[in-house]
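Trainee: dropping a prediction and its sequence here:
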Amino acid sequence: MILDKPRGCTSAQALNRVKKAVGAKKAGHTGTLDPFATGVLPVCFNQATKAIPYLGDDIKEYEAEMILGVSTDTMDDTGTVTGRVDAEHIGRDEVKEVIEGFSGEIMQVPPMYSAAKVSGTKLYALARAGKEVERKPKRVTIEEIRLLHFSYPKATFYVKCSRGTYVRVIASDVGRKLGCGAHLSELRRLRSGPFTLSGASSIEDVESGNYSILPLEEVLAGYPKVCLEEDLCESVRNGTPLCRGSLSDVELPKFKNRDIITLFCRKTILSICEAKADSDGFEYMGDKDIVFRHLRVFN
């Protein structure tokens, strides 16, 4: 399911509401959104929760609004104001130039109010205790960033970025470069990997029964696929790795060592695997050499 998370609740709270609404025994989500943020939150139920690490959410797209001239300790509008500067002299062209200067590979320092950990402790727990610790910068990739609207003090921008990018850090850094400070006032996720708002349901939709759940087979369609005959399916269900000898009559796609592969019995997914060899070397392997090692097996 693609959930359109509302403002004002954590991702876990949103998850628990839809889990209860659909009557699922298990549920999980990818790509946590801050409570003030809205938009795409992919949710998996029951057996599909096993696939969460493989849902390909590396690329994110957001629309964000920042307020110039006001800084906060959380870098968003949920925090305490730490500074105010009159910056009415700053024009659209200057804002555009600074924002677009963040394109490419950049280094970001995780904010204190975040779920990143230092020595096993989440930063926001330290921040709430009044402690600030040194954080190591990390490299993130901004594939595209552009100014959409500007009317002082508000600037709205679009960003397409790698997983783990803090958009509120971008807003804070833009304010710092402009010499006036800034914080993020709105954040809406438009895309997380292959999932977009076009297929998303609100919590109210789900609770009223107006929702759809994507088949796991469709969600994982981007990975190379191997279809097995019935005689091999049972061994896969039992978690037995597939060796070269058992695959000699199976049509295989091209793959590289450590690629993720999906195994199917007819149209039903059986397993998410890791390739232990290159397909080009398959014919030179011994019959007992492992070709696919199971990462997740579905009942």
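Mentor: Thanks, I have the structure now.

Trainee: what about the closest residue in space to Leu228 that isn't next to it in sequence, neighbour count?
Mentor: For Leu228, ignoring the flanking residues on the chain, the nearest one in space by C-beta to C-beta, 6 or more residues apart in numbering is Cys265 at 5.6 Å. Any C-beta I mention is one placed from the backbone N, CA and C, and that applies to glycine too. Under the neighbour criterion other C-beta atoms under 10 Å, Cys265 is assigned a count of 17.

Trainee: what's the answer for Ser202, then?
Mentor: 16.

Trainee: mind pulling up the pLDDT for the closest residue to it other than its chain neighbours?
Mentor: Closest residue in space to Ser202, ignoring its immediate chain neighbours: Asp4 at 5.1 Å, by C-beta to C-beta, 6+ apart. Note on Asp4: pLDDT of 97.

Trainee: Ala21: what's it in contact with?
Mentor: Neighbour list for Ala21: Ile203, Val206, Glu207 [criterion: C-beta atoms under 8 Å, 6 or more residues apart in numbering].

Trainee: and what of Ser202?
Mentor: Contacts for Ser202 (C-beta under 8 Å, 6+ apart) come out as Leu3, Asp4, Pro6.

Trainee: give me the most central residue, this protein.
Mentor: Gly31 (3.6 Å; C-alpha atoms, centre = their mean).

Trainee: surely that residue is within a strand?
Mentor: No. Gly31 sits outside any strand when classified using DSSP: H, G, I helix; E, B strand; the rest coil, being coil.

Trainee: wait, isn't it in contact with Arg191?
Mentor: No. With contact defined as C-beta atoms under 8 Å, Gly31 does not count as touching Arg191 (10.3 Å).

Trainee: buried residues, stretch 194-210. List them.
Mentor: For stretch 194-210, the neighbour count (16 or more other C-beta atoms under 10 Å) marks Pro194, Phe195, Leu197, Ala200, Ser201, Ser202, Ile203, Asp205, Val206 as buried.
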